[in-house]
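> Fold the stuff below for me.
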Amino acid sequence: MSAVDDFLDILSGAQLDWFKRQPKVKQAAMAASWMGSGKTPGDIVQDNGGPAPQGGADTIPAV
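From the prediction side, this is the model:
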């Protein structure tokens, strides 16, 4: 399973829709930046211009 697949499993709602619409290269770059960053996938999506998480983001562990 790749980091992009992990993002697809973790994100939901508007963040998931936004992530899926991004070019594969951007998806891969965001997923790569997640490893060891201490941020959640939702934080990384938001940092890259995506929507804010819609609740529940506090339960997703940083990696």
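> for the protein, what spans make up the helices?
Counting by DSSP state H, residue ranges of the helices within the chain are 3-10, 13-21, 24-34, 41-47.
> Go through the third one and flag the buried ones.
Yep, that's helix 24-34 we're talking about. By 16 or more other CB atoms under 10 Å, the buried positions in helix 24-34 come out as Gln27, Met30, Ala31, Trp34. From N, CA and C alone the C-beta is placed, and that goes for glycine too.
> what's the angle from that helix to helix 13-21?
Helix 24-34 and helix 13-21 are oriented at 120 degrees to each other (axes from the mean of the first three to the mean of the last three CA atoms, to 10 degrees).
> Now find how far off-centre helix 24-34 is within its chain.
9 Å (CA atoms, centre = their mean, to the nearest Å).
> if I pick the residue nearest to Trp18 when sequence neighbours are not counted, what's in contact with it?
Nearest residue to Trp18, sequence neighbours excluded (CB to CB, 6 or more residues apart in numbering): Gly50, at 4.3 Å. Contact analysis of Gly50 by CB atoms under 8 Å, 6 or more residues apart in numbering lists Ala14, Gln15, Trp18, Phe19.
> okay, those residues in CSV with neighbour count, pLDDT and distance to Asp5 next?
Formatted as CSV, the contacts of Gly50 follow (neighbours: other CB atoms under 10 Å; pLDDT from 0 to 100; distance: CB to CB, whole Å):
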residue, neighbour count, pLDDT, distance to Asp5
Ala14, 14, 94, 20
Gln15, 22, 95, 15
Trp18, 16, 96, 17
Phe19, 24, 95, 12
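> Of those residues, just say which sits nearest to Thr40.
Nearest to Thr40 among the contacts of Gly50: Gln15, at 10.1 Å, using CB to CB.
> Against Ala29, how distant is the closest residue to Lys26 other than its chain neighbours?
Distances taken as CB to CB, 6+ apart place Asn48 nearest to Lys26, at 7.4 Å, with adjacent residues excluded. To Ala29, Asn48 is 8 Å away according to CB to CB, to the nearest Å.
> about what we covered before: of all the helices of the chain, which one comes closest to Gln54?
helix 13-21 (4.7 Å).
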